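Enquirer: Provide a 3D model corresponding to the input given below.
(chains A, B, C and D)
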Protein chains: 2
Amino acid sequence: MEDAAALVSAQEQLASARRAPSQQRSRERVERMLAAASALIAEQGSDAMRMGEVAERAGVSIGSLYQFFPDKRAIIWALAERYTAESQACISAALAGVSDAEGLGRAFSELVDIYYGLFLAEPVIRDIWSGTQADKALRQLELADSRANAEFLTAVLRRLRPAVDPATLETTAFLVWQMGEAAMRLAISVERQEGDRLVAAYKRMALRELLAE
Amino acid sequence: MEDAAALVSAQEQLASARRAPSQQRSRERVERMLAAASALIAEQGSDAMRMGEVAERAGVSIGSLYQFFPDKRAIIWALAERYTAESQACISAALAGVSDAEGLGRAFSELVDIYYGLFLAEPVIRDIWSGTQADKALRQLELADSRANAEFLTAVLRRLRPAVDPATLETTAFLVWQMGEAAMRLAISVERQEGDRLVAAYKRMALRELLAE
DNA sequence: TTGCAAACATGAGGATTACTCACGTTTGGA
DNA sequence: TCCAAACGTGAGTAATCCTCATGTTTGCAA
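Expert: Okay, here's the model as predicted:
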């Protein structure tokens, strides 16, 4: 598993390149640093978060900040790690007892709701995982472009399924299109072979949805 | 359409805040700047692209660069715009003549292949649209986390559909999970009401896939 | 209790880099 | 031929991440 090895090394580089706090005092200070970072990200976004500001708000010096976090990304990483650990526990719990199709339907639906609520409620998660994060304007272009592309698909669907509410078709087309882009981004981020499989799976899934009654 | 107005203003801010080249000489120089930027992004990624390096490689001064591009993002934006215009034409052409379900199946499949090929072949597209772009390590954590989460789903599927090849189930679960994250990112980027509709549509789509025979 | 090594804390300053601006040069049309 | 507008330049500015030499505190072994 070279992926796992690469990740561990990345983790060491990002999260553990500095000494972990061993004394009570420093552990509290690290907590304050994380809290300050979290607040600043919630207020202005991680891109606008300044290391000096984090230190000031946490009531520590800039040097102390860098004693426990090797760089700016490490703070964001540390915050992200907390959320992922938390959400992983939640997922595990929700899906653990599922034994039939109906149960999966209920559990999955509930899980999506919880996740969506988390995304809506936590500015830090929104910021970290929202994609193309550094550039809000670029994100808007991406969405506008995606909408325009989906419109071509909507036009086809309107012809093929005239009985269905046009707004529903538009939502479907937009979603299918965005998922296609997500699938490709995913595909180019993994081994070529797995990427090909994922794209093929997306095709099936998208067509099933597009041609559904 | 306040979205459209906002986008135009963003476009003006990003792409047109500087004088457009009107003489033949400067038009050529702008082309050289874009070519240099494209090459550097392909080599090292947009984050590592230095404005000074772009100018040097294009054989112009840093001042000339800023005469036509208000900031670094504007160069990336300009490159992205070319690709989106190109791909939009391609999509329009592929879907224009579709009149029945079979035709949609063929055209859509072909379209996905072309898009995927574009993603694979063009380092600049990969870089610009690959998401969480600024931080490759964070992207890796995101994927590892997503894989771990999908594993819970895979376990359920193995129980529910023991006849199906486990590797296929794994691919399905991973894809469905990633698309869920994509759907939520999308949902929080648009108006709340549309976001809710998109998440609901994702739920239906995902469950249809998960419970498919 | 005391000595001491390791852990902790500090903030001025080094290094990098996006971006500006005052001044010089070229172009195209009247 | 003249001139205003467009173009071109690169040293310098400002902002920001991060280092490091130096001083302080802590916990523990003798």
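
Enquirer: rest of the way, CA atoms for contacts and neighbours
Expert: OK.

Enquirer: out of the helices and strands in chain A, which is least certain?
Expert: Here the helix or strand of chain A ranked lowest by mean pLDDT, DSSP states H and E is helix A:2-15, holding a mean of 46.

Enquirer: after that one, which helix or strand is next?
Expert: Next in sequence after helix A:2-15, counting helices and strands by DSSP states H and E, comes helix A:24-44.

Enquirer: what sits up against that next one?
Expert: For helix A:24-44, the surrounding residues in contact (C-alpha atoms under 8 Å, 6 or more residues apart in numbering or on different chains) are A:21, A:46-49, A:54-55, A:57-58, A:60, A:65, A:68, A:75-76, A:79, A:122-124, A:127.

Enquirer: just the buried ones from those?
Expert: Among the contacts of helix A:24-44, those classed as buried by 16 or more other C-alpha atoms under 10 Å in any protein chain shown are A:46, A:49, A:54-55, A:57-58, A:60, A:65, A:68, A:75-76, A:79, A:123-124, A:127.

Enquirer: neighbours of the residue of chain A found nearest DNA strand C, how many?
Expert: Proximity of chain A to DNA strand C (C-alpha to the nearest atom of the strand) peaks at residue A:63, 2.9 Å away. Neighbouring residues of residue A:63 were enumerated by other C-alpha atoms under 10 Å in any protein chain shown; the total is 11.

Enquirer: re the thing from before, near DNA strand D, from the buried ones among the contacts of helix A:24-44?
Expert: Under the cut-off given by C-alpha under 7 Å from any atom of the strand, DNA strand D has residue A:49 from those close to it.

Enquirer: picking up where we left off before, which of the contacts of helix A:24-44 fall within strands?
Expert: Cross-referencing the contacts of helix A:24-44 against strands under DSSP state E gives no overlap.

Enquirer: so which of those belong to helices?
Expert: Judged by DSSP state H, the contacts of helix A:24-44 include A:54-55, A:57-58, A:65, A:68, A:75-76, A:79, A:123-124, A:127 as members of helices.

Enquirer: and residue A:79, what is it in contact with?
Expert: Residue A:79 is in contact with A:34, A:38, counting by C-alpha under 8 Å, 6+ apart.

Enquirer: one more time with 10 Å, if that's ok
Expert: By C-alpha atoms under 10 Å, 6 or more residues apart in numbering or on different chains, the contact list for residue A:79 reads A:34-35, A:37-38, A:73, A:124-125, A:128.

Enquirer: what do you get for residue A:150?
Expert: Neighbour list for residue A:150: A:144, A:170-178, B:88, B:91 [criterion: C-alpha under 10 Å, 6+ apart].

Enquirer: roughly how far does it sit from residue B:88?
Expert: Per C-alpha to C-alpha, to the nearest Å, residue A:150 is found 10 Å from residue B:88.

Enquirer: kindly report the same for residue A:116.
Expert: For residue A:116, the distance to residue B:88 equals 31 Å [C-alpha to C-alpha].

Enquirer: ditto for residue A:122
Expert: Residue A:122 is 35 Å from residue B:88, by C-alpha to C-alpha.

Enquirer: residues in contact with residue A:184?
Expert: Contacts here follow C-alpha under 10 Å, 6+ apart; on that basis residue A:184 touches A:178, A:195-196, A:198-199, A:202, B:112, B:115-120, B:126, B:129-130.

Enquirer: please pick the buried ones from the residues you listed.
Expert: The neighbour count (16+ other C-alpha under 10 Å) marks A:178, A:195-196, A:198-199, A:202, B:112, B:115-116, B:118-120, B:126, B:129-130 as buried among the contacts of residue A:184.

Enquirer: before we move on, back to that, in strands only, show me the contacts of residue A:150.
Expert: Among the contacts of residue A:150, no residue falls in strands (DSSP E).

Enquirer: now, which of those lie close to DNA strand D?
Expert: Subset of the contacts of residue A:150 in contact with DNA strand D: empty, counting by C-alpha under 7 Å from any atom of the strand.

Enquirer: just the buried ones from those?
Expert: Buried residues within those, counting neighbours by 16+ other C-alpha under 10 Å: A:170-178, B:88, B:91.

Enquirer: middle-most residue in chain A, spatially?
Expert: Residue closest to the average C-alpha location in chain A (C-alpha atoms, centre = their mean): residue A:129, at 3.3 Å.

Enquirer: could you measure from that residue over to chain B?
Expert: Applying C-alpha to the nearest C-alpha, to the nearest Å, the value for residue A:129 to chain B is 7 Å.

Enquirer: ditto for residue A:160
Expert: As judged by C-alpha to the nearest C-alpha, residue A:160 and chain B stand 6 Å apart.

Enquirer: ok, that residue touching residue B:97?
Expert: No - using C-alpha atoms under 10 Å, residue A:160 makes no contact with residue B:97, being 12.0 Å away.

Enquirer: overlap in contacts, those two.
Expert: residue B:104.

Enquirer: what about chain A, any weak spots by pLDDT?
Expert: Residues of chain A meeting the criterion pLDDT under 70: A:1-17, A:131-134, A:213.

Enquirer: let me know the closest of the buried ones among the contacts of residue A:150 to residue A:136.
Expert: Residue A:136 lies nearest to residue A:178 out of the buried ones among the contacts of residue A:150, by C-alpha to C-alpha, at 17.2 Å.

Enquirer: how close does that closest one sit to residue B:121?
Expert: From residue A:178 over to residue B:121 the distance is 20 Å, taken as C-alpha to C-alpha.

Enquirer: now residue A:62
Expert: 43 Å.

Enquirer: before we move on, back to that, how much space between the residue nearest to the centre of chain A and DNA strand D?
Expert: Computed with C-alpha to the nearest atom of the strand, to the nearest Å, the distance linking residue A:129 and DNA strand D is 19 Å.

Enquirer: angle of the strand or helix carrying residue A:188 against helix B:166-189?
Expert: Counting by DSSP H and E, the element that carries residue A:188 is helix A:166-189. Angle of helix A:166-189 versus helix B:166-189, following axes from the mean of the first three to the mean of the last three C-alpha atoms, to 10 degrees, is 120 degrees.

Enquirer: then helix A:166-189 to CSV, C-alphas only?
Expert: In CSV, the C-alpha atoms belonging to helix A:166-189 read as follows (Å, rounded to 0.1, in the frame of the first residue of the first chain):
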residue,chain,number,x,y,z
PRO,A,166,-38.9,21.2,-16.4
ALA,A,167,-37.5,22.5,-13.1
THR,A,168,-36.9,18.9,-12.0
LEU,A,169,-35.2,18.1,-15.2
GLU,A,170,-33.0,21.1,-14.8
THR,A,171,-32.0,20.1,-11.3
THR,A,172,-31.3,16.6,-12.5
ALA,A,173,-29.2,17.8,-15.4
PHE,A,174,-27.2,20.2,-13.3
LEU,A,175,-26.5,17.6,-10.6
VAL,A,176,-25.6,14.9,-13.2
TRP,A,177,-23.2,17.3,-14.8
GLN,A,178,-21.5,18.4,-11.6
MET,A,179,-21.1,14.8,-10.6
GLY,A,180,-19.5,14.1,-13.9
GLU,A,181,-16.9,16.8,-13.2
ALA,A,182,-16.5,15.5,-9.7
ALA,A,183,-16.0,12.0,-11.0
MET,A,184,-13.3,13.1,-13.4
ARG,A,185,-11.5,15.1,-10.8
LEU,A,186,-11.6,12.0,-8.7
ALA,A,187,-10.5,9.8,-11.6
ILE,A,188,-7.4,11.9,-12.3
SER,A,189,-6.5,11.8,-8.6
